[in-house]
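In: Provided below for reference: sequence and predicted model.
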Amino acid sequence: MFDNEALENEIGRLLDEFYRRRMEKINGLKLKDTLKRKNPYLYRSIGTEKASEIIEGLLSAYMSSSDEGIFGDAFFEPLAKFASQGVVSPSEGVDVALETETKYTAIAVKSGTNVFNAQSKKRQVAEFKSLESRLRKIQKQFDPLVGYCYGRKMRSSNTNFRELAGQAFWEEITGDEDFYLKIIRLMKEKPQEHAVEYKTSFAAAINRFTAEFIKDFCNEDGTINWEKLTEFNSGKIAPKTVKVKKEKK
């Protein structure tokens, strides 16, 4: 088993990767792609009057939703593989495999506990069954497990796999009942090291998108042109908008 120094180094490396992807996401974001997925009627109904309010709200909501997926892929999944000392599973829908002389544990790593709907749960069951059929020749007990990296979870009804969440999941794959706390503890100052750069990029994106929004969706007096915004969002044919030219460096 690894020591705390090795774990701290791995957590630091994974946080670096999380922030790299996070910066990549916000720097590559396009305002109009985001606006197409937002509800202009809601913004109008709650009395929104400032372009900056719309931009800051949609950016915060977009990044919050995006962060959950990025963190799962860049941090939780590789940390589970590292902590369990397992291998990458050879099957779609299964992330980590642990193998002993008598048992093969196939683990699907999920961030939180609210990831499944009826269709995705059926797909997860099918992916476990597909792997099990391929492994029959090794004649070991097949143990399918969905591990949720935070939260609490009672086993759902009508499932063919085990479910563990939070402390119970991390203890299952590491043998350490305090491992879930070590993850938080060993992050140390790494988040603060990245926070300044991220906040600068976030503020720049707000300024950039606010300027673009004003050019395309505000009247000459500075008020929001709600009909034009709604046409862009919901019309059969989106109205032409001003193309913002990037400054040459």
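Out: That came through, no problem.
In: C-alpha from now on. contacts and neighbour counts both.
Out: OK.
In: what's the pLDDT at residue 245?
Out: Residue 245 is assigned a predicted lDDT (pLDDT) of 47.
In: Could you list the low-confidence segments of the chain?
Out: Within the chain, the segments meeting pLDDT under 70 span 1-2, 156-158, 238-249.
In: Geometric centre of it: which residue is closest?
Out: Centroid check for the chain by CA atoms, centre = their mean gives residue 69 as the closest residue, at 1.2 Å.
In: ok, now how distant is that residue from residue 143?
Out: Using CA to CA, to the nearest Å, one gets 26 Å for the distance from residue 69 to residue 143.
In: again, but for residue 96
Out: Applying CA to CA, the value for residue 96 to residue 143 is 12 Å.
In: Which helix or strand contains the residue nearest to the centre of the chain?
Out: When elements are defined using DSSP states H and E, residue 69 is found to belong to helix 51-71.
In: List the contacts of that helix.
Out: Surrounding helix 51-71, the residues in contact under the criterion CA atoms under 8 Å, 6 or more residues apart in numbering are 18, 21-22, 26, 34-35, 38, 43, 48, 111, 206, 209-210, 213-214, 224.
In: Which of those residues fall in helices?
Out: Mapping the contacts of helix 51-71 onto helices (DSSP state H) picks out 18, 21, 22, 26, 34, 35, 43, 206, 209, 210, 213, 214.
In: and the residues you listed as TSV, adding neighbour count and distance to residue 116?
Out: Converted to TSV, these look like this (neighbours: other CA atoms under 10 Å; distance: CA to CA, whole Å):
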residue	neighbour count	distance to residue 116
18	19	23
21	16	24
22	19	24
26	18	27
34	14	25
35	19	27
43	15	30
206	23	33
209	23	34
210	20	36
213	22	36
214	18	39
